[in-house]
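I need the structure of the sequence given here:
(2 chains)
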Amino acid sequence: MLTFIGRRVVLAIFTVWAISVLAFAIIQLPPGDYVTSYIAQMATMGSVVTDEEAQNLRIQYGLGRPIYVQYYKWVKLIAQGDFGMSMEWRRPVTEVIGERLWLTVVVSVAALILTWALALPIGVYSAVRQYSVGDYLATFVGFIGLAVPNFLLALVLLYLGFVLFNAHIGGLFSPEFNDAPWSWARVWDLLKHLPIPALILGLAGMAQQIRIMRANLLDELRKPYVVTARSKGLPEPRVITKYPVRVALNPFASTIGYTLPYIVSGSIIVSLVLGLPTVGPLLLKALIAQDMFLAGTIVLLLGVMTVIGTLVSDVLLVWIDPRIRLEET
Amino acid sequence: MTEPRWRRPHTRKFRSRLIAALVVGALGAVVAAGALAQGVGKSSLIGKLEGPEVVTDSAKFPKTLKEAPQLAALVKAGKLPPVAERVGQDPLVIKPLHEIGKYGGTWRGGFTGPADFWNGYRCCSGPDHLLFWDYTGDKVTPNIAKGYEMQDGGRTLVLQLRRGMKWSDGKPFTADDFVFWFEDIYRNKDLVPTPAAAMAINGKQGEVQKVDTYTVKFKFPEPYYLLPDVLAGSTQIGGHAQQGLNGMGGYAPAHYLKQFHPKYLGQAELDKKVKEEKFDSWVRMFLFKNDWAKNSDLPVVTPWKTVTPSNTPTWTLERNPYSVFVDPEGNQLPYIDRVVLTLAENLEVINLRAIAGEYDFQQRHLDLGKLPVFIENQAKGAYKVHLDPGDYGGDMIIKFNLSYEADPEIAKWMNTADFRRALAIGIDRDQINETFWLGTGTPSSVVPADSNKYNPGPQYRKMWATLDVKKANEMLDKIGLAKKDAEGYRQRTDGKGRLRIEIMTLGGQFLQFTQIAEMIREQWKKIGIDLVVQEVERSLAIQRTIANEQQLAAWNNDGSEHLFTFPTHVFPFDLIAVVATSGPLYAKWFQSAGTQGKEPPPRLKELMEKFKKAYGVPEKERIALGKEVWKIAAEEVFIIGVIGIGPASMGVRVVKTNMGNIPSRQYNSPDGKTPTISRPVTFFYKK
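Residues are numbered from 1 along each chain as shown, chains lettered A, B, ... in the order given. Okay, here's the model as predicted:
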């Protein structure tokens, strides 16, 4: 087990390095650089950056230097625990990401908890009571959840919220709490804003999980050991929860690899539509502005999260399903 | 999970299209269709141009000064000197539009992040230009400088400063702040590697000198009569708030910035500081410290000063206790205590919040396409919608790339005046105006509004700007494009098939350039021209422009109402400053005084010469030359004007009904930093 984990960790470190190279290269791919984007942005806003100003900016940011020099500079900074200065925000990258990171985690974890809390029982119910009215209802709602893009849902809810309830548009805080220091009132304000984004973010995932749970459990329920357990007179809830549900949980564990980065990146489009101050919109803006250090750090962060997530789900699978251990050794 | 980068163009387009389609579609079309038709016409939305005035007659200055209650409390507590000491002997007196206001309140608005710093300059910088425009945008008036005088045949501009005026930290604002800026910032090769065009005439650099504590002069080797306009405009010497972060501006708080400058601190000491504060270099640190929007410690002379900077979720500004602005009764301005701009992750959120009445005064980022929805929700949101059409001739223009070389046949036609004219009259501007401007724009050539001092005459408004399909066809036949293919498109003369021209557009702008271009594509079918519409990513647009690869490009010419301080969209003036220029090689030629690039054709060269000459001659001559420039531009159609004098670019304004001193129409222009030209220091809450 230890060697298994050790080997995975070494591989993970190598992968992270590869990701850093890729992240940096990808950011350099589109035409232009931060200064070009800056010029374009200024033009969009009705002002003009002169040739001289552009030239000055390039010199200041060291954008004229060869790409490998820029990469080396970046990696050297990271090795010292410094992720550089965001060009657009003119603040250290860690600060810019930091304040959004945990809000992102709050939103995404809320969405995840909602997803799982609803998807597991409904999935079990659908499987056990296959073709019942409840199953059809869950299936129907599930397919709508899968079929409707969540940003559309976000727009509809936003509009209904405004028209019907005169709700505050977008964001995670009411205006008066935006900058307020932390207090119970602010937490309460956050909690009040949380359900809609959590529901929207969770719905598609929920539908998917219901279907997976249902399908897996149905497979299990037909297996001879379940029939045997029933015939021996075991009470029904115990028959279902003891082994079939546990086995059916495998896919949940294996998706953790993707869940972790999802917690950080959230759903970019939904966050944009709802105006959530999370990492998603920040990443999009950084990419548009070609803010190298900021975009690079977020992409790297996502990569690291994926790697860690995969590692965790590998270990978790081994723990949940004893059969996997045999195959691994 | 590293894929978002390459998915971006797709996702962005997808996002913007969908959001635009959905929100406009769902809200606009269904809920409020026809709101415009139901009596709320163009006339009630566009009011009379009006605004406050700067009082320059010192006999009318107030004798005693008053201040906001919270400042009075501070004075009483001994934490602040009395108001008369703070303002000084020569206040900047502004006569409000309607009435003397009341102190108090918070102005709520929205912004889109640290790159949206123009938002703050426009609302809250005062402005802090040495000279500025009156509300008509045509006349230069004193501002931070009390007065100015041209001497020495236009070679020297003497500026009088205000006696006893202070920076926001209470330190005196004097001629030394100008000398410091000029000697230690502007002339420092690290801070400003390339000199500013605004500080030069005919390529020769000028100087800033101290005469006495309250007098400075800008001195040039050759006559520079335009200088007052340059100081008033949004140029590189257009104030500290806007230009400090670039090391420009004309003045800077010497007493504060010296602690970040190697000359005063010593390089070793400075390097230590740079390291402590985690900057890459002293240059970056210095410019950050001089950034009005991001450094809340920076001493300023603007009426409001940044409290929480623009790189946080809320950009907050509070009244500057040392503000030099006062009203005629001696009340220190501004009336409004605080300005709170909240971060919105995207423009749709800003628009929705405006519709919901969550902003008190918002103009920036509001979308003309949503006008019916804005109007529909006026009562519910307790606001009023105003339209502020710009004075420039083109909310949308089409630039020909006159120096195009990649395809000689296309290059030849783009350089044929009658070809350009034929295309210009092949556009049905009324259809476009109704569809995209909801009828609020004006079909127009590129020339600015008739009231503009450089306008060459009313007959130029419609010159080559009225639909005439028959004439366009005749003109095209005559210049040698008579041969058509089976589908009715004109053929190239070199036998390589159909004459196909490309137009480059950008998505996600104030105006839907791509969709309008698609409409023009349909209209040009009738004159046998095959237009290919290409929406490109904006960085790519800039690269293609620099590489001289684009053929036509769609944009607006906002700013061109101030011909000499904002000439970018009038002729090939600069190479990279905007998304497209009407001839990159000619721009290079112009900027390098003929040593690089390509020599332009005679008429364009004539235009450029007239333009250049105008900088160094007195105003009367300059106005005559300006008219000449516009005449040539309109006659030659170097750029096609489509719809102008319209509100598409930041011209939709939503203002709470309880705000006072709000002009019913204001001068909308980047040079006027609208709404600053309406002096937001005089805005107030009636209740």
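
element containing the residue of the stretch 101-250 of chain B found nearest chain A?
For the stretch 101-250 of chain B, the residue closest to chain A is residue B:194, as judged by Cβ to the nearest Cβ, at 4.0 Å. For glycine as for every other residue, the C-beta is placed from the backbone atoms N, C-alpha and C. Taking DSSP states H and E as the definition, residue B:194 sits outside all helices and strands.

In the chain, where is pLDDT below threshold?
Just so you know, I chose chain A. Along chain A, the parts satisfying pLDDT under 70 run over A:1, A:42-48, A:166-169, A:179, A:256-257, A:263-266, A:324-329.

hmm, I had chain B in mind actually
For chain B (pLDDT under 70), the answer is B:1-43, B:575-579.

Specify the residue positioned farthest from the middle of it.
residue B:486 (46.7 Å; Cα atoms, centre = their mean).

so how far is chain A from that one?
Distance from residue B:486 to chain A, counting by Cβ to the nearest Cβ, to the nearest Å: 38 Å.

Find the nearest non-adjacent residue to the residue of the stretch 101-250 of chain B closest to chain A, please.
residue A:52 (4.0 Å; Cβ to Cβ, 6 or more residues apart in numbering or on different chains).

Next SSE downstream of the one helix or strand that neighbour maps to?
Secondary structure from DSSP H and E places residue A:52 in helix A:51-61. Helices and strands here follow DSSP H and E; after helix A:51-61, the next one along the chain is helix A:67-79.

Just after that next one, pick out the following helix or strand.
Per DSSP H and E, the helix or strand that comes after helix A:67-79 is helix A:93-128.

helices and strands around that following helix, which ones?
helix A:133-147, helix A:195-221, helix A:256-265, helix A:279-289, helix A:292-320 (3 or more Cβ pairs under 8 Å, 6 or more residues apart in numbering or on different chains; DSSP states H and E).

does chain B sit close to the helix or strand following the shortest one?
It stands for helix A:256-265. The C-terminal neighbour of helix A:256-265 among helices and strands, as given by DSSP H and E, is helix A:268-274. Yes - using Cβ under 8 Å from any Cβ of the partner chain, helix A:268-274 reaches chain B at A:268, A:269, A:271, A:272, A:273.

Give me the contact list for helix A:268-274.
A:107, A:150-151, A:154-155, A:158, A:170-171, A:196-197, A:200-201, A:276, A:278, A:280-281, A:283-284, B:4, B:11, B:15, B:19, B:345-346, B:348-349 (Cβ atoms under 8 Å, 6 or more residues apart in numbering or on different chains).

okay, now the domains of chain B?
Using automatic domain parsing, the domains assigned to chain B come out as B:128-301, B:402-644.

and of these, who's closest to residue B:93?
Closest of the domains of chain B to residue B:93 is domain B:128-301, at 10.4 Å (criterion: Cβ to Cβ).

Can you name the helix or strand that residue B:516 falls in?
helix B:513-525.

ditto for residue B:228
Here residue B:228 is assigned to helix B:227-232, by DSSP H and E.

What is the helix holding residue A:52 packed up against?
Using 3+ Cβ pairs under 8 Å, 6+ apart, helix A:51-61 sits against helix A:34-44, helix B:282-289.
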